[in-house]
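Peer 1: Starting from these lines, generate the structure:
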Amino acid sequence: MWCNGKNVNKQDDVALSKDHLQFTSYDRAQQFFASSPLQRVISRAVYSEEYLESLLQCLVAFDVDTGNDSGITNEMRVKLTKQHELTVSAITTKLRPLIEEFRRRKNALSVQ
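Peer 2: Prediction:
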């Protein structure tokens, strides 16, 4: 869910700086991101597959008259997927150890 308004999207909510990344452990980093709006800066990379699935679902138009999904063209799917992968790659390149650790933790939770 995305919310717009006076109290969201301030610079401190959307710009992850190296000052934010001064953690003594991954547990401390997890605590920080769990309660910070800055989690959205890294969540796209940590939850890459889920984000892509959601983005693709947004493009499927539902026809109320027929009750069918109109679907999206393969060209649209490829373009959106490439754009998503470029974004994830840029985030991961800058924050690889953190992203990889959070992905590992996410995967560990899904196994339990």
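Peer 1: okay, which residue is most central for this structure?
Peer 2: Residue closest to the average C-alpha location in the chain (Cα atoms, centre = their mean): residue 44, at 1.6 Å.
Peer 1: residue contacts, it?
Peer 2: By Cβ atoms under 8 Å, 6 or more residues apart in numbering, the contact list for residue 44 reads 51, 84, 87, 88, 91. For every residue, glycine as well, the C-beta is placed using N, CA and C.
Peer 1: in the longest helix belonging to the chain, what counts as buried?
Peer 2: Ranked by residue count under DSSP state H, the longest helix found in the chain is helix 74-111. By neighbour count on 16 or more other Cβ atoms under 10 Å, the buried set for helix 74-111 is 80, 84, 88, 91, 92, 95, 98, 99, 102.
Peer 1: quick check, nearest of those to residue 27?
Peer 2: Nearest to residue 27 out of these is residue 102 (Cβ to Cβ; 11.5 Å).
Peer 1: Surely that closest one and residue 46 touch.
Peer 2: Yes: with contacts counted by Cβ atoms under 8 Å, residue 102 reaches residue 46, the gap being 4.5 Å.
Peer 1: hmm, who's touching stretch 85-103?
Peer 2: For stretch 85-103, contacts defined as Cβ under 8 Å, 6+ apart pick out 21, 26, 29, 30, 33, 41, 42, 44, 45, 46, 48, 51.
Peer 1: tell me the mean pLDDT for that stretch?
Peer 2: On average, the pLDDT along stretch 85-103 is 95.
Peer 1: Output that stretch as CSV, restricted to C-alpha atoms.
Peer 2: Extracted in CSV, the C-alpha atoms of stretch 85-103 (Å, rounded to 0.1, in the frame of the first residue of the first chain):
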residue,chain,number,x,y,z
GLU,A,85,15.7,-6.4,-12.7
LEU,A,86,17.7,-3.2,-13.4
THR,A,87,16.4,-1.6,-10.3
VAL,A,88,17.1,-4.6,-8.1
SER,A,89,20.6,-4.9,-9.6
ALA,A,90,21.3,-1.3,-8.7
ILE,A,91,20.2,-1.7,-5.1
THR,A,92,22.0,-5.0,-4.7
THR,A,93,25.2,-3.7,-6.2
LYS,A,94,25.3,-0.9,-3.6
LEU,A,95,24.2,-3.0,-0.6
ARG,A,96,25.1,-6.6,-1.6
PRO,A,97,26.1,-8.0,1.9
LEU,A,98,23.0,-6.5,3.5
ILE,A,99,20.6,-7.6,0.8
GLU,A,100,22.0,-11.1,0.7
GLU,A,101,21.7,-11.4,4.5
PHE,A,102,18.2,-10.2,4.5
ARG,A,103,17.3,-12.6,1.6
